[in-house]
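In: take this sequence and fold it.
(one chain, ligands or ions: 2)
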Amino acid sequence: MSRKKAVKGKSSKSPKASPSSGKDGGRTGKGLAAAAAPSSGLVYPSRPSLSNSGEFYDIAFKVMLVGDSGVGKTCLLVHFKDGAFLAGSFISTVGIDFRNKVMTIDAVKVKLQIWDTAGQERFRSVTHAYYRDANALLLLYDVTNKASFNNIRAWLTEIHEYAQQDVVVMLLGNKAESSHNRVVKREEGEKLAKEFGVPFMETSAKSGLNVELAFTAVAKELKHRTMKEPAEPKFQLKEYVDKEMRTAGCCHS
Ligand SMILES: Nc1nc2c(ncn2[C@@H]2O[C@H](COP(=O)(O)OP(=O)(O)OP(=O)(O)O)[C@@H](O)[C@H]2O)c(=O)[nH]1
Ligand SMILES: [Mg+2]
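Out: Ligands and ions are numbered 1, 2, ... in the order given. This is a model prediction of the structure:
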C-alpha cells in the first residue's frame with residue numbers, strides 16, 4: 001500500500017482537506033470568517049500524503065466534536081492530541097477549528113482530522129455546513145450539567161438533518177471524574193444511547209478516562225468500513241467499546 005505523509009502547516013494541503021479556523025489545534029477559534037466551505041470527507045488509501053505533524057498516513061477521516069458549550073469538546077481534543085488538560089478559565093471556541101492526529105490501527109496509519117466545533121447557539125449555522133463531510137461525530141454532554149444531557153435529543157435531530165446517513169455517531173458523557181458534581185447517572189447515558197442505537201462511554205478530559213478509546217473506536221470503525229477484506233467479519237463498534245471497557249474495568253486513559 002502506498003503511504004501518504006501529512007503536510008506540515010495550519011491547514012492540510014490535501015485536496016480533500018477541510019478548512020481550519022487558524023492556529024493548528026489552538027483554542028483561538030480565529031479565522032472562522034475566512035474558512036472555506038468544507039469539501040469531501042474521505043482521503044483514499046491509494047493517494048500518498050503527509051500529515052501536518054510530518055507523519056505518513058494511509059487513509060484519512062474527518063471526525064467532528066459536537067455538543068453544548070462547556071461540555072468539554074476542546075479539552076477532550078487537547079487531551080487526545082497532547083495528553084494535557086486545559087485547567088483554569090474556560091475559553092469558549094469561536095466557530096470551528098481542527099487538529100490532526102495519526103493513529104496506527106491494525107498496522108494501518110489512520111489520520112483523523114478532528115473538527116472542534118463551537119457549542120454556542122450563535123455558531124450553529126456555521127457548524128451545520130461541516131456536518132455533511134464528517135465521517136464520524138462524537139456527541140458530548142457533561143455529566144455535571146443536566147441541560148447538556150437533555151439537549152442530546154436535539155443534537156441527534158440536528159445530526160440526522162445535516163450529517164450523512166452513514167455517519168458514525170458515539171455518545172460521550174464527559175467530566176466523569178467529577179463525582180461530587182455529577183447529576184447525570186451513567187445508566188441514563190446508557191439508556192439514551194441504547195434508544196438511539198449508538199455506542200456510549202463516559203469520558204474525562206481531566207483524568208484521561210476513555211479519551212484514547214473514544215477516538216480509537218471510531219478510527220477502527222471507519223478503517224474497517226473502508227478497507228474490509230471480503231472474508232473479514234464486520235467490525236462491531238458497540239461490542240468493541242463494551243469489551244474494551246470491560247477489559248479495563250470501566251476506566252482507561
Ligand atoms: N472536571 C472536568 N472539567 C472539564 C472536563 N473537560 C472540560 N472541563 C472544563 O469544562 C470547561 C469547558 O471546557 P471546553 O473544552 O472549553 O468546552 P467546549 O465544549 O469546548 O465549549 P465550547 O467551545 O463553548 O463549545 C473548562 O473550564 C474545562 O476546564 C473534564 O473532563 N472534567
Ligand atoms: Mg471548545
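
In: when you work out contacts or count neighbours from here on, use the C-alpha atoms and nothing else.
Out: Fine.

In: could you point out which element follows the longest helix along the chain?
Out: Ordering each helix of the chain by length in residues (DSSP state H) puts helix 211-227 first. Note on helix 211-227: by DSSP states H and E, the next helix or strand toward the C-terminus is helix 237-247.

In: which parts of the stretch 51-200 of the chain sit against ligand 1?
Out: Within reach of ligand 1 by Cα under 6 Å from any ligand atom, the stretch 51-200 of the chain has these residues: 68-75, 86-93, 118-120, 174-175, 178.

In: show me where pLDDT drops low in the stretch 101-250 of the chain?
Out: Applying pLDDT under 70 to the stretch 101-250 of the chain flags the ranges 248-250.

In: now do the helices in the stretch 51-200 of the chain.
Out: Assigned by DSSP state H, counting those that start in this stretch, the stretch 51-200 of the chain shows helices spanning 73-82, 124-131, 146-150, 152-162, 186-196.

In: tell me what the first one is packed against?
Out: Other elements packing on helix 73-82 under the criterion 3 or more Cα pairs under 8 Å, 6 or more residues apart in numbering; DSSP states H and E are strand 59-67, strand 108-117, helix 211-227.

In: among the ones you listed, which comes closest to residue 195?
Out: Residue 195 lies closest, by Cα to Cα, to one member of those: strand 59-67, at 18.1 Å.

In: need the contact partners of that closest one.
Out: Applying Cα atoms under 8 Å, 6 or more residues apart in numbering, the contact partners of strand 59-67 are 4, 41-45, 73, 108-119, 131, 133-141, 148, 152, 155, 219, 222-223.

In: and for residue 147, the neighbour number?
Out: The tally of other residues near residue 147 (other Cα atoms under 10 Å) stands at 14.

In: follow-up on the earlier one: the longest helix of the chain and ligand 1 in contact?
Out: No: shown here: helix 211-227 not in contact with ligand 1 (Cα under 6 Å from any ligand atom), separated by at least 9.4 Å.

In: and the angle for that helix with strand 108-117?
Out: 120 degrees (axes from the mean of the first three to the mean of the last three Cα atoms, to 10 degrees).

In: pull helix 211-227 out as CSV, backbone CA atoms only.
Out: Listed next in CSV are the C-alpha coordinates belonging to helix 211-227 (Å, rounded to 0.1, in the frame of the first residue of the first chain):
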residue,chain,number,x,y,z
VAL,A,211,-10.3,9.6,25.8
GLU,A,212,-8.0,7.4,23.7
LEU,A,213,-10.6,4.7,23.5
ALA,A,214,-13.3,7.0,22.1
PHE,A,215,-11.1,8.1,19.2
THR,A,216,-9.6,4.6,18.6
ALA,A,217,-13.0,3.1,18.4
VAL,A,218,-14.3,5.5,15.7
ALA,A,219,-11.0,5.2,13.8
LYS,A,220,-11.3,1.4,13.9
GLU,A,221,-14.9,1.5,12.7
LEU,A,222,-14.0,3.9,9.8
LYS,A,223,-10.9,2.0,8.8
HIS,A,224,-12.8,-1.3,8.7
ARG,A,225,-15.6,0.2,6.7
THR,A,226,-13.2,1.4,4.1
MET,A,227,-10.6,-1.4,4.0
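
In: and the angle for that helix with strand 59-67?
Out: 130 degrees.
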